[in-house]
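Undergrad: Fold the stuff below for me.
(chains A and B)
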Amino acid sequence: MTDDKVFLSRLQQGDKDALRAIYLKYEGPLLALAGNLLDDPTLAEDVLQDVLVTLVRSMHRLNIGRNLKGYLATAVANRTRDYYRRRPRQRHRPLDEARQVAARDEGPVQMVIRNERTQKARAALVALPYEQREAIVLRLHADMKFREIAKCQHVAVKTALSRYRYGLDKLRSMFNGEVQDETD
Amino acid sequence: MKPTDPMEDIVKQLRYEARPEVRDRVLKQAQEALDEMETTALAAGRPRIGRITMNAHTRKLALAAAAILIVLGGISLWPGGHPETGQWWLGPPAAWGQEILNSLGSIEAVVYRQRAGYSSDYGPPRMSVGWEKRYNAQDRYRRDRYDDGVHIMNTQWVVPDGNGIEMIEVSYEYECWFAEQDQAYGFMESMIERMKWYVGLVEKADHLLEPQTFDGHECVGFQVSEARYGDNPEERFDRIWFDVETKLPMRIERHGISLDYDASRKLILIHDQFEYFAEVPANLFVPEIPEGYVNAHPDEVRTARDAEVKGEMTFAEVPEGLKDTIVAALKTTKMGAYRQSNVVTSFSGVAWREDEYSDAGLARTKWFALEGESPEGPFEPQGNTLVTETDKDLQEETFRVIEHTGSSQPRHPMRDILRVVGLLDRADHFYEAVEIDGVACFGFDISAKKYGDNPDGMLHRAWFDVATNLPVRIEFVWPANGTRAARTDVKEQFEWDPAVPQNFFVPQIPTNFSPATD
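TA: Sure thing, here's the model as predicted:
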């Protein structure tokens, strides 16, 4: 049995230590997932809380044989999408402005790396269309396969792959200082 | 080994760190949820949720039933199903339905979300901001409406009152409440009963749907046309997905519902985020009327408030069913055209064009093509609808191609026409016999105040050919304000299904034209 299967099995018996272990194991990647998708650390925390509570409420319906990280990442992506849709659309910010906002937003959840390169990358990521950003973040922070990303986004595998590639290309151009037009 | 892309490495470094107090809060909430699950399962003497997944014995029986049905010649929706692999949904519909009913039989209550979406043949799909949370126990219901997506604006309870069923509704927006009695299921449907009813439709399914994952749950589902089970319009259909593990419904969509006020769009009701064993406190079903709220229907309060702000509204007597007749007539047309000022707009299906004339003749042509989102799969608009505009300037001999996404896309002409038609039932005045451009017409006008906070004098007028029920002239009146003189936009000289050259809606750019540079 993998650690996750053991944790999940113990959680289904009502073991709080198992709950804590699951949370601590996946807190980082899930927060990175929600944070990078929403560009809002406070909302990312809310998403994480929702997902953990939902995990508890639906734990008896889960198949222990499944990939827990994949389940949690998909749940975070779905919940994040809902939050993203509900909040008012913001115009994409120019990089300089975004950088300032990124610095101002530090507080509720601290960014681990604060160097200029990271801020620039974060601002560029936020400027991507949501679907491309989601494909990139699911791939790089949740280690999802393109087949899984496609399933999560309800699109064909090819589309998921294109979103990832286009997104990464666009990110590269923005990061290297090329002009970014309307992206969404 | 594939070399790592440096950009990928950079993105991987974009991490967030939780504050200790947030970690404590999240864990506390989750642990409380765990406590609730334990306590209520024990107190209610209810079987643990784990039992609703089929145990080995049940699975064997169900599979045996499926096997018998296959031998008897049951029709498989998915030919080549393999029940022995545990993929129950690949079996014949009757067995499929039984599997789901087995799971539903153990359900006493369900909590779920209801949302509304809008689809259109002439524009992007949209999801409503508002949503509802619905609590459905065996003999009582509650729903909380979040009209703005954030705040509860309205709550409805349906509860037994000793003599029958009472419905109490409180509007927090209008600070009022009202109650009605003994209309039982007229107030709110029992979702559990509806789910069981859906199971009976499995054998009438149009087709199975692609597997999907909802909230991390793998799901399978089917689509059924509403015309298969009732006297319903062709365009109405339902989709329902079930959790592969629990066999319980995870998402239900009801498509093609007509909107009273906008004939260019159809409503889609979506039920999702089902929680079958959520523990709901008993007091959630106890109606609570805040102090000082008046006993009145929210519509009455709204009408009174509107009257105060906008003045009294007048409503004409409009022949019943006329709006549907006009919509049906419009849907039978393949193409239309009209003139507005110096621009002739022509439209067909998902393409349209605008020809702009100057004194010297045709000066500019713009072609538009709409690419919609895939209609398959769950209704979750991704904002992928694209309008491609090709603009040919005959005077400058230049052209440009613009791709419009997002909310500022050019609108398909039919959207505006249908939208005006949708207002007919709320018309201020209805005219039975008017002659417009030598054509016998009926028509109406409606103040724009009827559907929004618009100024006095802003109104629509529309006239329709008595013989064809198709538009002949549509006007929109802009009243004067501090900075603008009054004006009327007139769509006139309508033509329906005129003959046009081949490729009329395909952009044609002469080889000597160059890309516009400004």
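
Undergrad: Give me the contacts around stretch B:167-185.
TA: Here stretch B:167-185 makes contact (Cβ atoms under 8 Å, 6 or more residues apart in numbering or on different chains) with B:147, B:151-159, B:161, B:163-166, B:187-188, B:287-290, B:292-298, B:300-302, B:305. For glycine as for every other residue, the C-beta is placed from the backbone atoms N, C-alpha and C.

Undergrad: Generate a ChimeraX selection restricted to the buried subset of those residues.
TA: Restricted to buried positions by 16 or more other Cβ atoms under 10 Å in any protein chain shown, the ChimeraX selection for these reads:
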select /B:147,153,154,155,156,157,158,159,165,166,187,188,287,296,298,301
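
Undergrad: In chain A, which helix is the longest?
TA: helix A:16-38 (DSSP state H).

Undergrad: And the helix or strand that that helix is followed by, what does it pack against?
TA: Counting by DSSP states H and E, the next helix or strand C-terminal to helix A:16-38 is helix A:41-57. Helix A:41-57 is packed against helix A:16-38, helix A:68-86, helix B:20-44, with contacts defined by 3 or more Cβ pairs under 8 Å, 6 or more residues apart in numbering or on different chains; DSSP states H and E.

Undergrad: Could you point out which of those sits nearest residue B:425?
TA: With Cβ to Cβ as the measure, helix A:68-86 is the member of these nearest residue B:425 (30.9 Å).

Undergrad: Count the residues that sit near the residue nearest to residue B:401 when sequence neighbours are not counted.
TA: Among residues not flanking residue B:401 along the chain, residue B:390 sits closest, at 5.1 Å (Cβ to Cβ, 6 or more residues apart in numbering or on different chains). Neighbour count for residue B:390, taken as other Cβ atoms under 10 Å in any protein chain shown: 18.

Undergrad: same deal with the one 5 residues further on?
TA: Neighbour count for residue B:395, taken as other Cβ under 10 Å: 10.

Undergrad: where's the residue lying closest to it once chain neighbours are set aside, which helix or strand?
TA: If the residues on either side of it in the chain are set aside, residue B:395 comes closest to residue B:363, at 5.6 Å by Cβ to Cβ, 6+ apart. Secondary structure assignment for residue B:363, by DSSP H and E: strand B:361-371.

Undergrad: Contacts for the helix or strand just after that strand, please.
TA: Next helix or strand after strand B:361-371 toward the C-terminus (DSSP H and E): strand B:386-393. With contact meaning Cβ under 8 Å, 6+ apart, strand B:386-393 is reached by B:363-371, B:398-405, B:409-410, B:507-509, B:513, B:516.

Undergrad: In PyMOL, how would I select just the buried ones from these?
TA: This is how PyMOL selects the buried members of the contacts of strand B:386-393, with burial counted by 16+ other Cβ under 10 Å:
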select buried, chain B and resi 363+364+365+366+367+368+369+370+398+399+404+405+409+410+507+509
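
Undergrad: neighbours around the closest residue to chain A within the stretch 251-400 of chain B, how many?
TA: Nearest residue of the stretch 251-400 of chain B to chain A, counting by Cβ to the nearest Cβ: residue B:377, 4.7 Å away. Using other Cβ under 10 Å, residue B:377 has 14 neighbouring residues.

Undergrad: can you pull the contacts of it?
TA: Applying Cβ under 8 Å, 6+ apart, the residues near residue B:377 are A:154, B:209, B:210, B:212.

Undergrad: can you check residue B:354 too?
TA: For residue B:354, the contact set (Cβ under 8 Å, 6+ apart) comprises B:343, B:344, B:345, B:364, B:365, B:366, B:368.

Undergrad: Over to residue A:68?
TA: By Cβ under 8 Å, 6+ apart, the contact set of residue A:68 is A:4, A:7, A:8, A:22, A:26.

Undergrad: From these, pick the one nearest residue A:169.
TA: Among the contacts of residue A:68, and counting by Cβ to Cβ, the member closest to residue A:169 is residue A:26, at 29.8 Å.

Undergrad: any idea what sits nearest that closest one, other than its immediate chain neighbours?
TA: Once flanking residues are discounted, residue A:26 sits nearest to residue A:72: 5.6 Å by Cβ to Cβ, 6+ apart.

Undergrad: So for that neighbour, what's the pLDDT?
TA: For residue A:72, the pLDDT comes out at 87.

Undergrad: Same question for the one 4 residues further on.
TA: Per-residue confidence at residue A:76 stands at 90 (pLDDT).

Undergrad: Kindly provide the distance from it to residue A:55.
TA: For residue A:76, the distance to residue A:55 equals 11 Å [Cβ to Cβ, to the nearest Å].

Undergrad: same check, this time on residue A:166
TA: For residue A:166, the distance to residue A:55 - Cβ to Cβ - is 33 Å.

Undergrad: same deal with residue B:507?
TA: Applying Cβ to Cβ to residue B:507 and residue A:55 gives a distance of 52 Å.

Undergrad: Repeat that for residue B:429.
TA: On the measure of Cβ to Cβ, residue B:429 and residue A:55 end up 59 Å apart.

Undergrad: of those two, who's got more company?
TA: Regarding residue B:429 and residue A:55, a neighbour count based on other Cβ under 10 Å identifies residue A:55 as having more, with 25 against 16.

Undergrad: So that one is in contact with residue A:74, correct?
TA: No. In this structure, residue A:55 is not within contact of residue A:74 by Cβ atoms under 8 Å, at 11.6 Å.

Undergrad: helices and strands of chain B: which one bottoms out on pLDDT?
TA: Across the helices and strands of chain B, mean confidence by mean pLDDT, DSSP states H and E is lowest for helix B:56-71: a mean of 31.

Undergrad: neighbours around residue B:317, how many?
TA: 8.

Undergrad: for stretch B:493-501, the distance to its chain's centre please.
TA: 32 Å (Cα atoms, centre = their mean, to the nearest Å).

Undergrad: what's the first-to-last distance across it?
TA: Taking Cα to Cα, to the nearest Å, the first and last residues of stretch B:493-501 lie 19 Å apart.

Undergrad: okay, which residue is most central for chain A?
TA: residue A:33 (2.0 Å; Cα atoms, centre = their mean).

Undergrad: dump the residue contacts of that residue.
TA: A:73, A:76, A:77, A:80, A:137, A:138, A:141, A:142.

Undergrad: try residue B:336
TA: Residue B:336 touches B:346, B:347, B:348, B:413, B:414, B:417, B:494, B:495, B:496, B:497, counting by Cβ under 8 Å, 6+ apart.

Undergrad: What sits closest to residue 166 if chain neighbours are left out?
TA: Assuming you mean chain A. Using Cβ to Cβ, 6+ apart, the nearest residue to residue A:166 is residue A:132, at 5.9 Å.

Undergrad: To clarify, I was referring to chain B.
TA: Sequence neighbours aside, residue B:181 is the residue nearest to residue B:166 in space, at 5.1 Å (criterion: Cβ to Cβ, 6+ apart).

Undergrad: ok so, going back, give the partner strands of the strand holding residue B:363 in its sheet and their orientations.
TA: Its sheet considered, strand B:361-371 pairs with strand B:351-358 (antiparallel), strand B:386-393 (antiparallel) by DSSP bridges.

Undergrad: Contacts for that strand, please.
TA: With Cβ under 8 Å, 6+ apart as the test, strand B:361-371 has contacts from B:122-123, B:350-357, B:385-395, B:410, B:412, B:505-507.
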